[in-house]
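> Structure for the following, please:
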Amino acid sequence: MEPEYKFCQQIAASLNTETLITDVQASADIEHFLFPAKIIDAEIPTFIIPIQPRWAKDLFDEELANQTLFGAKPELAFNREAVY
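This next block holds a predicted model:
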């Protein structure tokens, strides 16, 4: 059995356990491996922080970005570190 296949089976088995959603570290580790997928019912603490519209256009709002001359900056739009 290929190592990649075995790894995928382990991830699938972990996702099927009932305790995964309460195990913050395990949920975060699996989300890290499956990025950009999210485990929606995991109990990972999250925070919503409002940002200024000029930054939102590059990160979230395609309509706002299309109103500028050059549109969204790809290096900002696809940046993993832009997650707050």
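
> what about the longest helix in this structure?
Looking across the chain with DSSP state H, the single longest helix is helix 3-15.

> Which of the three states applies to T17?
coil (DSSP: H, G, I helix; E, B strand; the rest coil).

> one step back: helices and strands around the longest helix of the chain, which ones?
Judged by 3 or more CB pairs under 8 Å, 6 or more residues apart in numbering; DSSP states H and E, the packing partners of helix 3-15 are helix 24-33. Using the backbone N, CA and C atoms, a C-beta is placed for each residue, glycine as well.

> Buried residues, the helix it packs on. List them.
26-27, 30 (16 or more other CB atoms under 10 Å).

> low-scoring pLDDT stretches of this protein, where are they?
Scanning the chain for pLDDT under 70 picks out 55-62, 64-65, 69-84.

> Domain boundaries for it, per the record?
The record assigns the chain these domain ranges, following automatic domain parsing: 3-33, 53-79.

> Over to the longest one now: how far is its first residue from its last?
With CA to CA, to the nearest Å applied, domain 3-33 spans 15 Å between its terminal residues.

> so who does A13 touch?
Residues near A13 by CB atoms under 8 Å, 6 or more residues apart in numbering: none.

> That one and D29, how far apart?
14 Å (CB to CB, to the nearest Å).
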